[in-house]
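any chance you could fold what I've pasted below:
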Amino acid sequence: MNGAGPPGSLEPSKLKGGNTMRKFLLALTLLCVAASTGALAHSGTDQEQQACTHDVQRFCRKLMDQGDFTILACLKENRPKLSTACRGVLVSHGQ
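Numbering: from 1, shown residues only. Prediction:
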């Protein structure tokens, strides 16, 4: 027996990937809220979130459980390697 669940069940590794993406989207939304001045209702658009998803997965995946500002710091540290779109999101939010 290989320890896997019944056919069609989700493996923990698949669940973790989904949780990682949800954490990233939440982090980016909170980043946008924190960066906005006085507009607490402001959040990152779907396009802004999509612009940085690949970069977060590529450069900051190991840090996903360490909080929103850790992810932001990671993106800033890797700024030269980020996609043009993700760099644009950071700049547009004063980062």
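
contacts only, for the residue lying closest to Thr20 once chain neighbours are set aside.
Sequence neighbours aside, Met64 is the residue nearest to Thr20 in space, at 5.0 Å (criterion: Cβ to Cβ, 6 or more residues apart in numbering). For every residue, glycine as well, the C-beta is placed using N, CA and C. Contact analysis of Met64 by Cβ atoms under 8 Å, 6 or more residues apart in numbering lists Thr20, Lys23, Phe24, Val56, Ile71.

in this structure, what secondary structure element scores lowest on mean pLDDT?
Lowest mean confidence among the helices and strands of the chain (mean pLDDT, DSSP states H and E): helix 12-35, at a mean of 60.

ok, then the element right after it?
helix 46-59 (DSSP states H and E).

now do that next one: which elements does it pack against?
In terms of contacts (3 or more Cβ pairs under 8 Å, 6 or more residues apart in numbering; DSSP states H and E), helix 46-59 is packed against helix 12-35, helix 68-77, helix 84-92.

before we move on, the earlier item: quickly name whichever of the contacts of Met64 is closest to Gln49.
Comparing the contacts of Met64 against Gln49 with Cβ to Cβ picks out Phe24 as the nearest, at 7.9 Å.

check contacts around that closest one.
Gln49, Cys52, Thr53, Val56, Gln57, Met64, Ile71.

go with 7 Å
Thr53, Val56, Met64 (Cβ atoms under 7 Å, 6 or more residues apart in numbering).

ok, Val56 - how many residues close by?
Residues lying near Val56 (other Cβ atoms under 10 Å) number 26.
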